[in-house]
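Undergrad: Generate a structure from the sequence data that follows.
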Amino acid sequence: MKFIVLAPANTDTEAGVLPSPEEFVKMGAFQEELVKAGVLVAGEGLRESSKGARLTFGKDGKTTIKNGPFTESKELIAGFSIIQVKSLDEALAWMSRAPCPEGTTLEIRQLFSDDDFAPVDPTGELREEDAKRRARAEEQHGKS
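TA: Numbers count the residues shown, from 1 in each chain. You can find the predicted model right below:
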């Protein structure tokens, strides 16, 4: 079984505040433990909800798009997909075609890239370690 662990947003994450170098190191150490245990499949941070959108499928076949930020996010999440596209608009175009039941709301959020962490890792050493860790995790799990 695979699980996604969703860390709840707070005022800092919704404001786009990056972790401190110390927090980045601590999370890296924890993720390293997960990699060594063969547990980590992927670990990424989500951009703030103001950079996302939600799609709601109506019974008339009409899809409503609501751009972030989202102030009320108490809903449970039952699954996820990671897609690689060039823009939020392209992501919306693809996911608007998803075969979702009436009333389904999809939230689309951009992932951080390694370059986003340059302010907390000016030498790139931590990001390089993180990239190697992710590569080892992917290698360990193959095409699962």
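Undergrad: Would you confirm that E14 contacts E48?
TA: Yes: with contacts counted by CB atoms under 8 Å, E14 reaches E48, the gap being 5.0 Å. Quick note: C-beta positions are derived from backbone N, CA and C, even for glycine.
Undergrad: Overlap in contacts, these two.
TA: Common neighbours of E14 and E48, counting by CB atoms under 8 Å, 6 or more residues apart in numbering, are P69.
Undergrad: Just list whatever residues bridge to the residue nearest the centre of the chain.
TA: Geometric centre of the chain, nearest residue: L46, 3.8 Å, by CA atoms, centre = their mean. Note on L46: beta-bridge partners by DSSP bridges are L111.
Undergrad: Who are the contact partners of it?
TA: L46 neighbours (CB under 8 Å, 6+ apart): 13, 109-112.
Undergrad: quick one: the residue located most distally from the centre of the chain and L92, what's the gap?
TA: Centroid-distance maximum for the chain: D60 at 30.6 Å, with CA atoms, centre = their mean. Look at D60 and L92: by CB to CB, to the nearest Å, they are 19 Å apart.
Undergrad: Which pLDDT does the model give A53?
TA: Turning to A53, the model gives it a pLDDT of 91.
Undergrad: mind listing what it touches?
TA: Going by CB under 8 Å, 6+ apart, the list of residues near A53 reads 65-68, 88, 92, 107-108.
Undergrad: Please give the three-state secondary structure assignment for the residue farthest from the centre of the chain.
TA: Classification of D60 using DSSP: H, G, I helix; E, B strand; the rest coil returns coil.
Undergrad: ok, now K66?
TA: At K66, secondary structure determined by three-state DSSP is strand.
Undergrad: so what's it closest to, chain neighbours aside?
TA: Distance criterion CB to CB, 6 or more residues apart in numbering; nearest residue to K66, sequence neighbours excluded, is R54 at 4.7 Å.
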